[in-house]
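Colleague: let's see this in three dimensions:
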Amino acid sequence: MAGRLNFTLEDYQTAAIKWRKDLLMLPIIGIQDTLQYMTGRPGIRYKENVGTINADAQFAPYKSNRRADVNLTLDHRTLETYFGNVVLDFEPNTAISTLLGTGATKGDGQMTTPTALHVLALIAKGLSSHLNDAIWNGVRNANGDTTQDLFDGFDTITEAEIAAETISVANKNYMKLTEEITAANALDVAKEILYSLDPRLRAQDLNLYCSQDFADKYNEAMLLTHGGINFYNQFNQNCVEGSNGRLHIVPLYNKTDSKFFHVTPKSNMLVGYDQMGDIESVMVKEYAPFVLTYIATMFFGVQFESIDYRTLKVIELADAA
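Modeller: Got it, this is the predicted structure:
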């Protein structure tokens with residue numbers, strides 16, 4: 001098959017069956033620029049309970065008759081993955097031309113001509129860009145027709161928790177900035193965020209999920225403030241000053257228009273998918289001459305494992321003037 005450029009419907013169908021798991025995994029691999037800062041949870045179909053259990057028990061000076069009731073509290077949350085599908089028509093010769101033109105099959109793989117698998121992989125990987133776009137601002141709409149409608153993103157979940165007052169100043173897991181961020185105040189803003197964290201949260205290895213714009217302004221502020229120190233004469237400040245290297249600045253392109261920053265460990269940002277069962281599928285059909293249809297199903301969803309102030313701090317940006 002590797003030497004031919006014209007593939008039959010059977011070639012595509014065989015590739016879809018043989019490489020099903022790999023093709024289903026490609027959209028997940030394609031969002032690694034975001035997922036590398038989060039925690040993937042494979043094997044999740046529909047709903048799974050997540051959360052943390054706290055037991056208010058403690059050691060005390062020895063007494064033979066010591067007994068005490070233990071107050072167990074469960075920070076219960078549900079990671080829900082939604083079942084979605086894609087039905088995409090593609091013209092095989094155009095896809096092959098794209099592969100040949102980009103040299104996508106050359107390099108480490110030492111492949112010189114595309115195969116039916118390469119064509120399907122090109123389509124599967126292309127689905128990842130839309131998953132990436134929806135990670136933060138997706139809004140579940142069962143009647144929708146885009147990835148944006150498939151699941152609630154982290155910002156959407158955050159807004160719902162704020163509305164329910166489970167993320168709030170009173171619960172110590174929320175703060176709102178009072179001024180817009182500029183190159184002149186970005187360093188002060190970063191320190192204000194750092195100093196607002198509960199000591200138990202601050203002691204962990206944390207990510208500050210933010211926009212690239214904030215990261216740029218933070219670097220500008222560092223240069224303005226520390227211009228005489230050689231260490232700060234380059235744009236590579238990836239930790240907030242004063243955090244002992246624990247609060248990492250993580251700028252993400254899909255945070256560009258977000259009105260929230262999130263401070264939390266990587267382990268708290270759950271991205272659920274299946275990849276382990278037999279419900280998800282990939283197939284190829286032919287419904288019209290010269291056109292094939294790529295059909296796939298998969299599960300996907302996101303959730304915070306905990307919104308406790310010892311695990312998460314949400315920072316809402318100041319309203320635009």
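Colleague: please report the distance of Val139 from Arg41.
Modeller: In this view, Val139 and Arg41 are 21 Å apart by CB to CB, to the nearest Å. For glycine as for every other residue, the C-beta is placed from the backbone atoms N, C-alpha and C.
Colleague: higher neighbour count, those two?
Modeller: Taking other CB atoms under 10 Å, Val139 and Arg41 do not tie; Arg41 has more neighbours (19 against 15).
Colleague: hey, what's the residue lying closest to the more buried one once chain neighbours are set aside bridged with?
Modeller: Once flanking residues are discounted, Arg41 sits nearest to Gly272: 4.6 Å by CB to CB, 6 or more residues apart in numbering. The partner list for Gly272 in beta bridges (DSSP bridges) reads Arg41, Gly301.
Colleague: who's in contact with Gly272?
Modeller: Gly40, Arg41, Ile44, Glu48, Leu79, Glu80, Thr81, Phe299, Phe300, Gly301, Val302, Gln303 (CB atoms under 8 Å, 6 or more residues apart in numbering).
Colleague: ok, the third one touching Asp274?
Modeller: Yes: with contact defined as CB atoms under 8 Å, Ile44 reaches Asp274; the gap is 6.3 Å.
Colleague: so what sits against both of those two?
Modeller: Common contacts of Ile44 and Asp274, defined by CB under 8 Å, 6+ apart, comprise Thr81, Phe299.
Colleague: neighbour count for these two, which is higher?
Modeller: Neighbours were counted for Ile44 and for Asp274 using other CB under 10 Å; Ile44 has more, 24 against 21.
Colleague: what's the closest non-adjacent residue to Leu252?
Modeller: Take Leu252 and drop its neighbours on the chain: the residue closest to it by CB to CB, 6+ apart is Thr34, 5.9 Å away.
Colleague: now the helix or strand hosting the one you found: how far from the chain's centre is it?
Modeller: Using DSSP states H and E, Thr34 maps to helix 32-35. Put simply, helix 32-35 sits 6 Å off its chain's centre (CA atoms, centre = their mean, to the nearest Å).
Colleague: which strands and helices sit next to that helix?
Modeller: Secondary-structure packing of helix 32-35 (3 or more CB pairs under 8 Å, 6 or more residues apart in numbering; DSSP states H and E): helix 128-137.
Colleague: buried residues in the helix it packs on?
Modeller: Buried residues in helix 128-137, defined by neighbour count with 16 or more other CB atoms under 10 Å: Ser128, His130, Leu131, Asn132, Asp133, Ala134, Ile135, Trp136, Asn137.
Colleague: output the below-cut-off pLDDT ranges for the stretch 1-150 of the chain.
Modeller: 1-6, 51-75, 95-114 (pLDDT under 70).
Colleague: those helices in it, which residues are they?
Modeller: 9-18, 20-29, 32-35, 92-102, 116-126, 128-137 (DSSP state H, counting those that start in this stretch).
Colleague: send me the shortest one as PDB with only the CA atoms.
Modeller: The C-alpha atoms that make up helix 32-35 are tabulated as PDB, following Å, rounded to 0.1, in the frame of the first residue of the first chain:
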ATOM      1  CA  GLN A  32      -0.400  18.100  24.400                       C
ATOM      2  CA  ASP A  33       0.600  21.800  24.400                       C
ATOM      3  CA  THR A  34      -2.300  22.300  26.900                       C
ATOM      4  CA  LEU A  35      -2.600  18.800  28.400                       C
END
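Colleague: ok, residues contacting it?
Modeller: Contacts of helix 32-35 (CB under 8 Å, 6+ apart): Ile28, Asn132, Ile135, Leu252, Tyr253, Asn254, Val271.
Colleague: re earlier: look up how far Asp152 lies from the residue nearest to Arg41.
Modeller: Taken as CB to CB, the span from Gly272 to Asp152 is 12 Å.
Colleague: which neighbours do these two share?
Modeller: Gly301, Val302.
Colleague: sorry, back to before: let's have the helices of the stretch 1-150 of the chain in JSON lines, adding distance to Lys172.
Modeller: JSON lines is the format used below for the helices of the stretch 1-150 of the chain (distance: least, CB to CB, whole Å):
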{"stretch": "helix 9-18", "distance to Lys172": "50"}
{"stretch": "helix 20-29", "distance to Lys172": "34"}
{"stretch": "helix 32-35", "distance to Lys172": "27"}
{"stretch": "helix 92-102", "distance to Lys172": "50"}
{"stretch": "helix 116-126", "distance to Lys172": "42"}
{"stretch": "helix 128-137", "distance to Lys172": "23"}
